[in-house]
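Q: sequence unavailable; structure follows:
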Ligand code: TYD
């Protein structure tokens, strides 16, 4: 399957009651991997573009637990898609080997990221031309 077709929005279970909301994201149950790493991004201005990389080994779930942002995904083969993240119980699944840009952050945006791997900077492809070559088998 083309990796861009593996990108999908996921709705997480909400256990709301009179005390407020509680959203559950359990590894291998609600998302297709075990969670090895959690990080979150906030305080990014509206005109900032983050991400701008692909990962050889890592899969991610991104959830705007507060505010909103957009994610652009690109498979390096001419296919791209844009998703809006704006609800704390909705996430996007990003498979390995997809180029991603996160942008259009609201001032209250807190973008929670769940990763399938521990951090390894060497599995990040940060050069777009290199990514294109790898996915098209030129490298
Ligand atoms: P970067 O990958 O540029 O962030 P983003 O993709 O969200 O725009 O990461 C910023 C810095 O943080 C960079 O020096 C790498 C470091 N970093 C870690 O040490 N561990 C991590 O898990 C992540 C995501 C980044």
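A: That came in fine, so what should we check first? Values in this document were obtained by computation on a predicted structure and should not be read as measured data. Numbering: from 1, shown residues only.
Q: can you pull the contacts of the residue nearest the centre of the chain?
A: Of all residues in the chain, the one closest to the mean position by Cα atoms, centre = their mean is residue 62, 4.0 Å from it. Going by Cβ atoms under 8 Å, 6 or more residues apart in numbering, residue 62 touches 71, 85, 91-92, 94, 102, 111-114. The C-beta positions use only the backbone N, C-alpha and C, and glycine is treated the same way.
Q: bridging residues for it?
A: On the basis of DSSP bridges, residue 62 is bridged to residue 92, residue 113.
Q: show the end-to-end separation of stretch 60-71, please.
A: 12 Å (Cα to Cα, to the nearest Å).
Q: flag every buried residue along it.
A: 60-65, 67, 69, 71 (16 or more other Cβ atoms under 10 Å).
Q: residues in contact with the residue found closest to residue 30 once you drop the neighbours it is linked to in the chain?
A: Counting by Cβ to Cβ, 6 or more residues apart in numbering, residue 30 lies nearest to residue 12, which is 5.7 Å off, once chain neighbours are set aside. If you count contacts by Cβ under 8 Å, 6+ apart, residue 12 has them with 23-25, 30, 63, 89-91.
Q: only the buried subset of those, as a PyMOL command please.
A: In PyMOL syntax, the buried subset of those is picked out as below (16+ other Cβ under 10 Å):
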select buried, resi 23+25+63+89+90+91
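Q: my guess is residue 111 contacts residue 88, does it?
A: No. Using Cβ atoms under 8 Å, residue 111 is not in contact with residue 88, being 11.1 Å away.
Q: going by contacts, tell me the helices and strands next to the helix ranked longest in the chain.
A: For the chain, the helix that runs over the most residues, judged by DSSP state H, is helix 128-135. With contacts defined as 3 or more Cβ pairs under 8 Å, 6 or more residues apart in numbering; DSSP states H and E, helix 128-135 has no helix or strand neighbours.
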